[in-house]
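Visitor: compute the structure for the input listed below.
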Amino acid sequence: MSDSFQLDPSLAEFVTITEVADASRLAAAVLRRKYNMEVPPHGRHVLAFVAGEAGCWMPAFYVNYLPHRNAMLIGGAATDGEILRRLDAQRQALLADAGGLMLQSVRYSEARFGEVSVGTFGHCGDERSWSILERCGYRRIADHPHLIVRWNRDLPGAERNGLVDSVRELGPF
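Guide: Take a look at the predicted model:
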């Protein structure tokens with residue numbers, strides 16, 4: 001069963017997290033800087049916005065969830081450090097104390113997609129990202145160096161193994 005999500009209350013005044021239908025303009029800058037890539041045209045796009053000066057909301061974090069069979073694939077997680085550096089010291093400290101935008105956004109996404117996904121798979125080789133994903137309930141696949149999963153429901157062994165194999169066959173995503 002999926003978890004319900006509640007944004008850390010200390011962030012409520014200046015952070016909002018939502019799914020958007022088209023993130024091509026909203027997340028373009030951060031994905032170009034982080035991965036030198038464009039926003040994928042497919043999948044489910046989740047963005048975290050922070051309130052800047054004069055009440056202007058700025059996209060500060062992006063992550064993509066792509067349906068795969070009866071599961072999801074998480075990828076493209078990227079934080080816009082330039083936007084976060086514009087926040088005052090108090091807001092930066094509140095974000096740090098709440099675990100950051102990635103933690104909050106992944107928890108939002110897992111709650112949002114948990115009912116339609118038996119689990120979420122990721123391909124993670126970055127230790128900083130892994131430390132956050134682990135806090136969200138992800139576990140490493142024993143015989144794969146970078147494949148991770150967060151199960152939302154128990155599956156019979158053959159079905160679970162078949163799903164893991166299908167994700168493994170995708171290679172890095």
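
Visitor: biggest strand in this structure, by residue count?
Guide: strand 57-68 (DSSP state E).

Visitor: all helices of the chain, in order?
Guide: 28-35, 81-86, 89-97, 100-113, 127-135, 157-170 (DSSP state H).

Visitor: low-confidence stretches in the chain?
Guide: 1-3 (pLDDT under 70).

Visitor: before we move on, back to that, and of the helices of the chain, who's closest to residue 17?
Guide: The minimum distance between residue 17 and the helices of the chain falls on helix 100-113, with 4.5 Å, by C-beta to C-beta. C-beta coordinates here come from the backbone N, C-alpha and C atoms, glycine included.

Visitor: who's in contact with that closest one?
Guide: 2-5, 7-8, 11, 15, 17, 19, 44, 46-48, 50, 60-61, 63, 65, 72, 74, 77, 79, 84, 95, 98, 120, 129, 132-133, 135-137, 150, 152 (C-beta atoms under 8 Å, 6 or more residues apart in numbering).

Visitor: that one: how far from the chain's middle?
Guide: 6 Å (C-alpha atoms, centre = their mean, to the nearest Å).

Visitor: likewise stretch 16-25?
Guide: 12 Å.

Visitor: can I get the CA coordinates of it in PDB?
Guide: Extracted C-alpha coordinates of stretch 16-25, given in PDB (Å, rounded to 0.1, in the frame of the first residue of the first chain):
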ATOM      1  CA  THR A  16       5.300  23.200  -3.500                       C
ATOM      2  CA  ILE A  17       5.600  19.800  -5.300                       C
ATOM      3  CA  THR A  18       3.300  18.800  -8.200                       C
ATOM      4  CA  GLU A  19       3.100  16.700 -11.200                       C
ATOM      5  CA  VAL A  20       2.900  18.600 -14.500                       C
ATOM      6  CA  ALA A  21       1.800  17.400 -17.900                       C
ATOM      7  CA  ASP A  22       4.600  19.000 -19.800                       C
ATOM      8  CA  ALA A  23       7.900  19.800 -18.200                       C
ATOM      9  CA  SER A  24       9.800  20.700 -21.300                       C
ATOM     10  CA  ARG A  25      10.200  24.400 -20.500                       C
END
